[in-house]
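# sequence and predicted model, in that order:
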Amino acid sequence: MRYETVIGLEVHIEMATQSKIFCSCSAKFGGEQNDHVCPACCGMPGMLPVVNKKVVDLGMTAGMMLNCHINRVTTFDKKSYYYPDLPCSYQTTQWFSPVAVNGTVTIETSKGKKDIRIKQIHMEEDAGKLVHDEWTNTTLVDFNRTSVPLIEIVSQPDLSSAEEVVAYLERLRSLLRFAKVSECRMEQGSMRCDVNLSVRPEGSDKLGVRTEMKNMNSISAIERAIAYETARHIDALENGTEELVQETRRWDDIKGKSFAMRNKETAGDYRYFPDPNVMPIVIDDEWFAKIKGTLPEFPEVKKARYIGELGLSDYDATLLTESRALCDCFESAYAECGQAKEAANWLLSDVLNILNKKQMTPDQLTLDGKTLGKLIKLVTDGKVSRPNAKKILAEMFESEIDPAKYAEEQGYIVSSDTGAIEATVREIVIADERSVTDYKSGKEKALMAIFGKCMKALKGNCDPQTLRQMIIDVINSI
Amino acid sequence: MKKILLDDMILTKELPTSAGSKMLDGYMSPFNAAVVERLTEAGYEIAGKAPVGEFAIDLSGETNFEGKTVSSEDCATVMLDVNGSPRRIAAQNGLVYIKPTYGIVSRFGTVAVACSGECVGVMAKSASECKEVLSVLVGNDERDGTMHADGVCKSALGIKKVKKVALLDMGVKSAELDLARSELEANGIEVASVDAGVIESANAAWNILMCAELCNNVSRFDGIKYGYRAKNYKNLDELYTNSRTEAFGELVKTAILYGSDVLSSNNYMSKYDKAMRVRRVIVEAFTEIFKEYDAVMLPACSKTSYTASDDVFVENKYTAPASVTGLPAVVAGGVQLVGKAFSDGALLDVSAILTKEGK
Ligand SMILES: [Zn+2]
């Protein structure tokens, strides 16, 4: 018999806010243990939650990016369970009226396009972290991540293979990074997912027994886990190797196996109820329109425009549209200098090189696109040579400078006085008799020696092509 | 300097706050409650902490973990009205207490128990003293998201007048009610009997909501972070169970179990959700009465003192209507007046008649 796999995902994404969801503590990743903690986020008596509006902004943004209906009245609810990483013994989440419902995400795989339905997106707070100290054999709690805002994106069981799951996760990551909802970095835990999986005979409309694998945080581990779990289910159905039960399982990526979790906490009754300390949040037309107005073009729409309207190559457009920060920088550089290809080249070679050296991702780019545009203009207008422009670019990463002013100060302005350039060239050519003789006897390399000396004397303020021609002309004239 | 007492539900940096529970014995808060800030700024001296029953949900302080009872100091006391206890104490001891309109005094820095109904109020010997202290407490605080705008908070002390009072028939005959009625009438205030109707159900709804919220709020007291931790435990489950078993008293345990039950997925719709709907119906019933009357008069308790057999969940019948609706309530002359939202000042003014102030 042939089987099909039915998969639904719950994806947890940490939102890119400065502060936590109900207090003003930093939501930044890292820091010493219990550094980003206050009486509110460690659950001390007397503190009341005050909703960070930015979290709701980003929740709405995520909903709109995934074509969801935005609930105009959205509420926070309490979910009770005991665990030491949860300071209040309840998590504030959205159960009764989540910020966004009924969306779709279109994915593309080797089998073509497919729409994956989104059941809902809700906002909630993260829990802390338990740290086991082997030395003293004690478990300690780090509350830094406690109350960091998350969104949970719940899909319908519309996915049917690891390939689709990967395409779905990558699509979510691309859309949410583009909308600046989150950096979606799995390795830092800012994107993780629970995989709900069942198997049924192909064509059947009845769902099989579902198992859930929690807290997966690497794409390759997810692929392996789906392959393993699918095989385990089919084996159980075909050969009766075991009885499938609805349960939560833990994926052990090293052993390459999933294990049933014996955690009582997963079987509890969460006793959800509306948080009386957080008034229902009413999203009025003005607020709705404001968020709608900040939505970015979808990456593929941008890409098509870059190719169609701006004449970029498919390759360049693909690279640029992988990062919202690159796109933003590119667009304002282009607006300033009017040369799309030049702007793309500068970004994809020189700027990316610098980011690489600084071990930064394109999304961390903060370079002002307008300034980059001004620099490009200086080069294409022949006012600054390309090598000098690269030096200026490097400086632009270190301090806020005006390229033209900086070029002036550093003596990087190309001299328009060709007479003076020619005089310098003539002087060097006459002084270097040997290189001239070598060149004339056919040794092309000799020309490079003269070229280097001239460039140095001119402090690089000369267009290389023009200089080369000028040297040849001078040699031929003597 | 004017002296003031705080009940032990209000967190202070300088003094320990136990909330009447062994769970928080000796707990030192790293911050002051909003009302403490306001009182200090207004020149009050915090004279000390008044004991409360465990998490202030009992009849009148009898469940305090050390057996301490409310002492009658010679100054006003700021008290969190969680479950009607300050109102019962005032009624049985000839004092005045105001539970203000919900959302006009900040709850920031009070030990949370039943957040949707509890209010910080004032106990004093006279209505005018209550008003004086209350005027210091009211005002918006952005750390409490359930508060009204500052102007709205302050309007509660503005010029309104109680001219017509509805005497709610709760099936209790008391000398205090009769006396209060004749005092009011002698001062030109019209009093007429009104059937309690659905307001009789306020108690059932409130007990569900109060216990559900208590169960959730005290779940943070788990023996892990602060407060009481059991000496003996072999694993995490035992740490939780033993700490909570040893530190919570019987009434709080009862409320936790009841609250847990009404929130369970099996009972949520038939208990908790229904209680929320009843809450709205009771608000409407009051709105209906307030079309004709300015305030509602009813007892604050059923007797002049309690014995061990009295049950707070039954006695809540008289305090629950104001707790569940968030309406202001003043106890004076042994009776309770519940007013329209933001008529706190007017309620205190009319209560001065009952305490014969200025006479
Ligand atoms: Zn905090």
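Done, it's in.

# quick check: the gap between the spatially closest residue to A:E164 that is not a sequence neighbour and the ion.
Excluding the flanking residues, the one nearest A:E164 by CB to CB, 6 or more residues apart in numbering or on different chains is A:T109, at 5.7 Å. Bear in mind the C-beta positions are built from the backbone N, C-alpha and C, glycine included. For A:T109, the distance to the ion equals 42 Å [CB to the ion, to the nearest Å].

# can you check B:A332 too?
In terms of CB to the ion, B:A332 sits 42 Å off from the ion.

# list the contacts for that residue?
B:90, B:96, B:127, B:351-352, B:354-355 (CB atoms under 8 Å, 6 or more residues apart in numbering or on different chains).

# would you turn those into CSV with neighbour count, pLDDT and secondary structure?
Compiled in CSV, these are given as follows (neighbours: other CB atoms under 10 Å in any protein chain shown; pLDDT from 0 to 100; DSSP: H, G, I helix; E, B strand; the rest coil):
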residue, neighbour count, pLDDT, secondary structure
B:A90, 28, 96, helix
B:V96, 27, 97, strand
B:A127, 24, 96, helix
B:S351, 29, 96, helix
B:A352, 21, 94, helix
B:L354, 23, 94, helix
B:T355, 19, 91, coil
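
# between those residues, which sits nearest the ion?
Comparing the contacts of B:A332 against the ion with CB to the ion places B:A90 closest, at 37.6 Å.

# which residues touch the closest one?
Contacts of B:A90 (CB under 8 Å, 6+ apart): B:96-97, B:123, B:300, B:331-332.

# if you set the cut-off to 7 Å instead, what comes out?
Contacts for B:A90 (CB atoms under 7 Å, 6 or more residues apart in numbering or on different chains) come out as B:96-97, B:123, B:331.

# dump those to TSV, plus distance to A:N217 and secondary structure.
TSV is the format used below for the contacts of B:A90 (distance: CB to CB, whole Å; DSSP: H, G, I helix; E, B strand; the rest coil):
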residue	distance to A:N217	secondary structure
B:V96	60	strand
B:Y97	55	strand
B:M123	55	strand
B:V331	58	strand
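
# neighbour-wise, which of those residues leads?
B:V331 (32 neighbours; other CB atoms under 10 Å in any protein chain shown).

# mind checking how far that one is from B:S85?
11 Å (CB to CB, to the nearest Å).

# for A:W251, same thing?
On the measure of CB to CB, A:W251 and B:S85 end up 52 Å apart.

# repeat that for A:F143.
From A:F143 across to B:S85, the span is 34 Å (CB to CB).

# from A:A225, how far off is the closest residue to the ion within the stretch 351-478 of chain A?
Nearest residue of the stretch 351-478 of chain A to the ion: A:Q364, at 25.4 Å (CB to the ion). Look at A:Q364 and A:A225: by CB to CB, they are 30 Å apart.

# compare the two and say which is more crowded by neighbours.
A:A225 (25 against 12).

# so the more buried one is in which element?
Using DSSP states H and E, A:A225 sits within helix A:219-239.

# give the buried residues for the next helix or strand after that helix.
Heading C-terminal from helix A:219-239, the first helix or strand you meet, by DSSP H and E, is strand A:247-252. Across strand A:247-252, burial judged by 16 or more other CB atoms under 10 Å in any protein chain shown covers A:248-251.

# next one: stretch B:28-36
So, applying 16+ other CB under 10 Å, buried residues of stretch B:28-36: B:29, B:31-36.

# from those residues, which is closest to the ion?
The ion has its nearest neighbour among the buried residues of stretch B:28-36 in B:F31, at 12.5 Å by CB to the ion.
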